[in-house]
Structures are given as structure tokens and as C-alpha cells.
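*Asks:* this one's structure only:
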Ligand code: FAD
């Protein structure tokens with residue numbers, strides 16, 4: 001064990017001997033090991049252990065056993081032990097250069113075994129059942145506006161009948177749509193991807209349909225209003241019309257099969273599409289009846305960004321889930337043109353993340369928590385900035401934490 005090197009230069013050079021009890025992710029595998037690490041590496045070690053659901057005890061500082069070792073549980077490991085570390089007495093017995101044991105501040109690897117219920121079994125996920133050269137021809141069964149008076153733009157919910165083929169999917173995947181007609185070069189249009197907004201059972205819970213949530217792209221160019229090709233095609237389409245569909249694709253946004261998982265969702269605009277599928281699977285009574293193996297009992301927390309209240313999507317369903325599952329569902333809105341952030345500016349989703357930083361990170365320290373982000377690409381830097389500040393407030397380093405979460409398949413992003 002390393003003996004004290006003291007703190008003679010303003011740099012904290014104390015060595016901490018810790019015992020880590022690793023529980024693994026999602027399975028009862030226990031392993032303990034003892035390590036001695038310098039103060040500078042203690043923080044990232046604590047983060048790694050907390051992320052993996054492990055426990056950590058500081059048993060000595062600079063070789064001096066602690067009378068009451070600091071026991072950190074996963075929810076509080078990093079800040080508690082960091083506080084313990086910074087308040088532990090610094091001995092000044094200099095013995096610079098003495099050999100430390102190999103330091104293990106490296107992240108604990110994600111557990112890829114099939115027994116890990118929090119990771120998704122990717123092998124079972126259907127992909128590319130229909131390719132652009134030979135797409136499935138679906139039939140529109142429904143197409144209606146999701147917006148109310150006063151909303152900005154156009155957002156529609158569109159459902160296709162998939163009968164007569166083998167196109168099936170699971171929550172979190174996308175499908176491709178090839179709009180009718182040709183492009184400026186007289187070539188057939190290329191496909192556009194859309195996140196699936198229905199569960200695998202479809203909105204009618206009878207299987208054999210798929211639903212999308214589509215915003216008509218509209219922008220100004222050289223004094224002209226331009227409308228997107230495929231989004232306009234879809235928003236205008238009538239029941240009975242035939243549509244070329246490809247896919248499904250995507251394994252990034254899959255829900256963990258664990259009914260006790262915690263699911264934090266950041267959505268802006270049509271980024272609600274996969275979240276709607278998750279929430280239906282979790283809370284829609286007919287879905288719960290249909291899926292006896294998935295009776296969601298964790299915490300689902302949706303952060304939703306929209307410009308106006310009239311632009312909130314699927315609001316009635318979300319309010320119903322709040323009423324029916326108050327212990328399991330939480331819904332936090334950021335309405336940019338109607339609400340103000342703490343600085344008096346427009347309220348964006350990242351402002352809500354900052355407001356709830358403490359709770360978000362307490363949840364993230366639980367290895368059963370997954371975070372999902374979906375919407376326009378522009379939302380990413382804001383969320384990243386907010387997560388950086390939120391992490392720092394808990395003594396955590398987001399730049400180190402995010403890749404670890406990603407590796408553990410707990411950080412899921414699909415922006416476009
Ligand atoms: P196009 O006619 O293809 O026009 C798009 C082009 O217009 C852009 O490439 C750009 O060159 C130009 N352009 C766009 N905005 C501007 C601007 N402000 N100024 C100047 N030029 C501009 N969309 C949804 O509505 N709902 C979804 O659930 C959804 N899910 C998606 C999931 C994934 C994985 C991906 C990759 C995308 C998703 N999209 C979704 C976006 C969708 O695929 C299309 O990109 C979108 O509908 C626009 O296609 P379009 O054919 O209407 O536009």
C-alpha cells in the first residue's frame with residue numbers, strides 16, 4: 001500500500017485506498033477489489049463505479065486507516081466520497097517517488113452478456129426487411145393534424161396499413177418513405193427516414209400498421225417559401241393512397257426490456273415520435289394487456305420542447321398517463337415562446353435540464369437509467385452544455401461520463 005506523499009506544492013498528492021464492490025449491470029455478479037489511487041484520479045473512479053452500480057469504500061488516506069470508512073452507494077458515490085476525500089487530513093510526510101499500485105481510474109467496461117437485461121438484444125431486431133429497390137407498398141389508413149389553432153406550421157400523424165407483407169418493427173426504429181414523383185434530374189426521389197411513432201402493435205393494437213409523426217418542412221429562400229418534398233407528400237396524403245416504404249432501420253433508440261428501467265427523454269418537435277411509442281408501450285392500458293412480459297414499473301420522465309402550447313404533440317395522451325401513472329410518469333415542458341428561463345430569456349429544453357440537474361444526475365447514477373434524445377440536430381449542443389453544467393454541480397465530469405454511458409448503451413441520440 002502506498003504511504004503518504006504529503007501535500008507540499010498546492011497539488012493534492014494524497015493517496016486513497018479504496019475497496020470497490022462491483023455489482024455488474026443488471027445481474028447479481030459480485031466482485032471486490034482494492035486499489036490505491038491518487039486524489040486526482042479518485043473522482044473519475046467514483047464516477048465509473050457509480051455508473052456501474054457498484055459500491056465504494058475509502059478505507060485509508062495516505063495509509064492512515066479511516067475509523068469510519070466512507071461508504072458510498074451508487075446514487076451518492078461521487079459527491080459523497082469526493083467530499084470525504086477533500087476533507088480528509090493531509091499528512092505532510094514527504095516520500096515523493098514511492099511506487100503506487102497500478103491505478104484503476106479506467107472506466108469499468110460495459111457488460112455485453114445476454115444476462116444484462118438493461119442492454120437490448122440487438123440480434124432480435126428486424127432491419128432492412130424492405131429495401132429501396134423493392135419497397136413495401138403500404139396503404140394510408142389515417143392522416144390527421146396533431147396541432148390546434150394558433151400553432152406554428154403543420155405536423156401530422158399518419159398511419160399505414162402493412163398487411164400483405166412482412167414489414168414489422170419494434171419501438172425506437174425508423175422507416176423510409178419514398179415519395180411519389182421525380183426530382184429535378186427526373187430521377188425517382190430518394191427515401192427519407194421517419195421515426196416510428198407507434199408501438200410494434202400499431203395504434204389499433206392489432207399489429208400490422210405503422211404510424212409516423214411528420215412536420216412539413218417549410219423555409220424561405222430568396223423571397224420564396226419552399227416546402228419539403230417528402231414531408232409535404234406525407235402531410236397531404238389521403239387515406240387509401242399507396243406509399244413506398246422501406247426498412248425498418250435503427251438500433252440506437254431501442255427501449256431496454258427491463259420493466260424497472262428509468263427512462264429520461266429529451267424531445268423537441270417531432271422528436272416526440274419514438275417517445276410516444278415508448279410511452280404507449282409503458283402506459284397505454286391495451287398495450288399493458290397485450291404485453292404481460294412488459295409491465296413498466298420504473299420512472300419515465302419526458303422533457304418536451306415546443307415553440308407554443310398549441311404545438312405540443314399527443315398532449316391528451318400524455319395528460320392521461322400523468323393521471324393514471326403519477327408514480328411512474330413525469331412530464332416537463334419547455335415552451336420557448338411562452339415561458340421564460342431563469343435569465344429572462346426564452347425557455348428551451350436545456351433550461352429545464354439545468355433546473356432539474358440534481359434529480360437528473362441522481363437518476364443517471366442509477367445503472368438502470370437510460371437517456372434518450374430525439375429531434376432537430378440543433379438541440380444537441382444545448383443539451384450537452386446543460387448536462388455539462390448539471391454534472392459539474394454534482395461534482396461530475398460530463399465529458400468523461402457521456403462516453404461511459406454510451407458504452408453502457410444508456411445514452412441514446414437520434415437527431416436530424
Ligand atoms: P427536402 O425536400 O428533402 O428538403 C430538405 C433540404 O432542404 C435539406 O437537405 C436542405 O438542403 C434544405 N433546407 C432545409 N431547411 C432549410 C433552410 N432552413 N434553409 C435552406 N435550406 C433548407 N422528420 C419528421 O418530420 N418526423 C420524424 O419523425 C423524423 N424522423 C427522422 C428520423 C431520422 C433517423 C432521420 C435521419 C430524419 C428524420 N426526419 C423526421 C427528417 C426527415 O427524414 C426529412 O429530412 C424531412 O421530412 C425533410 O424531408 P423533405 O423531403 O420534406 O425535405
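*Replies:* Received the coordinates, thanks. Please read these numbers as outputs of a predicted model, since none were measured by experiment.

*Asks:* and this structure, which of its residues are near the ligand?
*Replies:* Neighbours of the ligand within the chain, by C-beta under 6 Å from any ligand atom: 174, 192-195, 213-215, 217, 219, 221, 228-231, 270, 273, 414, 416. (C-beta placed from N, C-alpha, C; glycine too.)

*Asks:* 5 Å - rerun?
*Replies:* 174, 192-195, 214-215, 217, 219, 228-231, 270, 273, 416 (C-beta under 5 Å from any ligand atom).

*Asks:* so what are the domain limits for this structure?
*Replies:* Residue ranges for the domains of the chain, per automatic domain parsing: 1-116, 123-249, 256-415.

*Asks:* can you pull the contacts of residue 250?
*Replies:* 127, 172-174, 414 (C-beta atoms under 8 Å, 6 or more residues apart in numbering).

*Asks:* switch the cut-off to 6 Å
*Replies:* Neighbouring residues of residue 250 by C-beta atoms under 6 Å, 6 or more residues apart in numbering: 173-174.

*Asks:* Same question for the one 3 residues further on.
*Replies:* Residues counted as contacts of residue 253 (C-beta under 6 Å, 6+ apart) are 172, 274, 412, 414.

*Asks:* Of the residues you listed - the most surrounded one?
*Replies:* Each of the contacts of residue 253 was scored for neighbours by other C-beta atoms under 10 Å, and residue 274 scores highest at 28 neighbours.

*Asks:* For the ligand, see how far away the closest residue to residue 175 other than its chain neighbours is.
*Replies:* For residue 175, ignoring the flanking residues on the chain, the nearest one in space by C-beta to C-beta, 6 or more residues apart in numbering is residue 247 at 4.0 Å. Computed with C-beta to the nearest ligand atom, to the nearest Å, the distance linking residue 247 and the ligand is 10 Å.

*Asks:* Give me the secondary structure label for residue 247.
*Replies:* With DSSP: H, G, I helix; E, B strand; the rest coil as the basis, residue 247 sits in strand.

*Asks:* From what I see, it and residue 178 are in contact.
*Replies:* No: applying C-beta atoms under 6 Å as the test, residue 247 and residue 178 come out as separate, 11.0 Å apart.

*Asks:* Looking at these two, which is more packed in?
*Replies:* Here residue 247 and residue 178 are set side by side on neighbour count (other C-beta under 10 Å), and the busier one is residue 247, at 26 against 18.

*Asks:* any idea which helix or strand carries the residue nearest to residue 135 when sequence neighbours are not counted?
*Replies:* Using C-beta to C-beta, 6+ apart and skipping residues adjacent in sequence, the residue nearest residue 135 is residue 244, 4.0 Å away. Taking DSSP states H and E as the definition, residue 244 sits inside strand 242-249.

*Asks:* what's the following helix or strand after that strand?
*Replies:* Sequence order places strand 262-268 as the next helix or strand after strand 242-249, per DSSP H and E.

*Asks:* pLDDT score for the nearest residue to residue 394 once chain neighbours are set aside?
*Replies:* Excluding the flanking residues, the one nearest residue 394 by C-beta to C-beta, 6+ apart is residue 361, at 4.7 Å. The model reports residue 361 with a pLDDT of 91.

*Asks:* Residue 121 too?
*Replies:* 65.

*Asks:* next one: residue 27
*Replies:* At residue 27, pLDDT is 38.

*Asks:* same question, the one 3 residues further on
*Replies:* Note on residue 30: pLDDT of 54.

*Asks:* So, low pLDDT: which residues of this structure?
*Replies:* The model of the chain has pLDDT under 70 over residues 1-12, 21-32, 40-41, 43-44, 47-55, 67-121.

*Asks:* what phi and what psi does the backbone show at the closest residue to the ligand within the stretch 1-150 of the chain?
*Replies:* With C-beta to the nearest ligand atom as the measure, residue 146 is the residue of the stretch 1-150 of the chain nearest to the ligand, at 11.0 Å. Dihedral pair for residue 146: phi -100, psi 0, per degrees, to the nearest 10.

*Asks:* how many neighbours does it have?
*Replies:* When counting by other C-beta under 10 Å, one arrives at 20 neighbours for residue 146.

*Asks:* quick one: contacts for it?
*Replies:* Here residue 146 is in contact with 155, 157, 313 (criterion: C-beta under 6 Å, 6+ apart).

*Asks:* now do 8 Å
*Replies:* Going by C-beta under 8 Å, 6+ apart, the list of residues near residue 146 reads 155-157, 213, 313-314.

*Asks:* Confirm for me that residue 325 is in contact with residue 283.
*Replies:* Yes: counting by C-beta atoms under 8 Å, residue 283 is a contact partner of residue 325 at 5.3 Å.

*Asks:* Between those two, tell me which one has more neighbours.
*Replies:* Neighbour count, other C-beta under 10 Å: between residue 325 and residue 283, residue 283 has more, with 20 against 17.

*Asks:* Would you confirm that the more buried one contacts residue 324?
*Replies:* Yes: counting by C-beta under 8 Å, residue 324 is a contact partner of residue 283 at 6.5 Å.
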